[in-house]
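In: fold the following.
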Amino acid sequence: MFLREYLYVDLDKVSGLASQLYDGVPEKASNVAARQRKIEADLKILRGGSGSSSQESIERNLGDSLFKDLEADLESMGLLRDVSDELMQIETWASIEELAAPGRILRITAAGTLFQPAQMSDAIVGISTAAHGLSEMGVGRQQGATIVPPKAKTDVQKRSERAARESAAGPLFPEDLLPSGEIVPIMNVPRAQLSGMIRTARGVFGEGVHLHLRPAGHDGPVVSARLEEGRRFLDSSPEVLISRYGLAEQEWTVVGVVGQLGSRIVPNEVDDVTNLDGSLNRAKFVDLVGNFLGQTAGLVDLPRSPGFSIIPLALYRAIGESISID
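Out: Numbering: from 1, shown residues only. A predicted model of the protein is given here:
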């Protein structure tokens, strides 16, 4: 048995599912040494029977423990399935539709990465700013090196600075906050390269925290999930994810509902979005947009076949050493 460190719980969805099982979500419950549940044949009403040798119980708030109880009950009723082992086998993905049909509730434990674009952009700006500051302090300059006076600014630099001044009163993009100069000192990285990284992250990834699980290995299919802000980050805010968990793979467990399977969209599948009378067919237009987005090769937040997306109810990892309870 391991302790759990919850990073994310969607209490709205968890409470919605629990209310269907428990005929409403109780504010308090009895926490006793031993508890047994009886499930009626129709699987619609779940009544709890509790008992202990001392017949003592304490009241507790269900806010943090509601998901754990719901997870155990869904699994006992056959409504939740752990597919971690199956997804490790690459042959499973050939018929992934049978295992991960949209709407099913799954639990997946696998190596995965967390990514928050806004935090990454702030980190790049901070690093480049610090590099400029260290350079101005003389750090990284070779002993006896001759200080060369700055060259006259090019027309491109002048236009860039002028545009920055003109837009200073308006909203700034993260890349606009990078210090000026073609090369970031000490790092010896072109400023344009860092700006491109920030622009790409801002364009490809939406707001929130993105989870990418690869159960079949680093080059295998991806199970993607997006953790929405405001749902409830139990352990940390999105702003400190990199400092706490980094960008490297580690083992995560996600419990959620399958959103959609990655599809192979045939190019030019939709070439006419009008009705017979020449008016716009709204459904065909949606198909056209979907066809276009499906060909963007990862530039939009859609799963790629044979991967799939999952709508997370909770995300956690095991912490501490394994313990046994007698």
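
In: so where's this structure shaky on pLDDT?
Out: Along the chain, the model assigns pLDDT under 70 to residues 1, 24-64, 140-171, 230-239, 263-270, 294-300, 322-326.

In: name the nearest residue to F285, sequence neighbours excluded.
Out: Leaving aside its chain neighbours, F285 sits nearest to V273 (4.5 Å; criterion: CB to CB, 6 or more residues apart in numbering). For glycine as for every other residue, the C-beta is placed from the backbone atoms N, C-alpha and C.

In: with A201 instead?
Out: P117 (4.3 Å).

In: S309: neighbour count?
Out: 22 (other CB atoms under 10 Å).

In: typo on my end, N188
Out: Counted with other CB under 10 Å, residues neighbouring N188 total 9.

In: tell me how far it lies from G126.
Out: Going from N188 to G126 by CB to CB, to the nearest Å gives 18 Å.

In: can you check Y22 too?
Out: Distance of Y22 to G126, given as CB to CB: 47 Å.

In: looking at the two, which is more packed in?
Out: Y22 (18 against 11).

In: would you list the phi and psi of the more buried one?
Out: Note on Y22: backbone dihedrals following degrees, to the nearest 10 are phi -100, psi 10.

In: list the contacts of the residue nearest to F285.
Out: L280, N281, K284, F285, D287, L288 (CB atoms under 8 Å, 6 or more residues apart in numbering).

In: please list only the buried members of those residues.
Out: Listed as buried from the contacts of V273 are L288; burial here means 16 or more other CB atoms under 10 Å.

In: so which residues of the chain form strands?
Out: In the chain, the strands defined using DSSP state E lie at 3-9, 28-31, 34-39, 46-51, 58-61, 80-82, 105-115, 183-184, 189-190, 209-213, 223-227, 250-261, 308-319.

In: want to throw those strands into TSV with distance to L74?
Out: Converted to TSV, those look like this (distance: least, CB to CB, whole Å):
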stretch	distance to L74
strand 3-9	15
strand 28-31	17
strand 34-39	11
strand 46-51	10
strand 58-61	21
strand 80-82	4
strand 105-115	6
strand 183-184	51
strand 189-190	49
strand 209-213	20
strand 223-227	18
strand 250-261	9
strand 308-319	9
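
In: surely P303 touches L261?
Out: Yes: using CB atoms under 8 Å as the test, P303 is close enough to L261 to be in contact (6.8 Å).

In: joint contacts of those two?
Out: What both P303 and L261 touch, as defined by CB under 8 Å, 6+ apart, is an empty set.

In: the residue nearest to A201 and F205 touch, don't they?
Out: Yes: under the criterion of CB under 8 Å, P117 makes contact with F205 at 4.1 Å.

In: who has more neighbours, those two?
Out: Using other CB under 10 Å, the more surrounded residue of P117 and F205 is P117, with 21 against 17.

In: what about the helices in the stretch 51-200 of the chain?
Out: 66-76, 84-88, 96-99, 117-136, 155-166, 191-204 (DSSP state H, counting those that start in this stretch).

In: contacts for the third one next, please.
Out: This means helix 96-99. Residues outside helix 96-99 that contact it (CB under 8 Å, 6+ apart): V83, E86, L87, T92, P221, L261, P306, F308.
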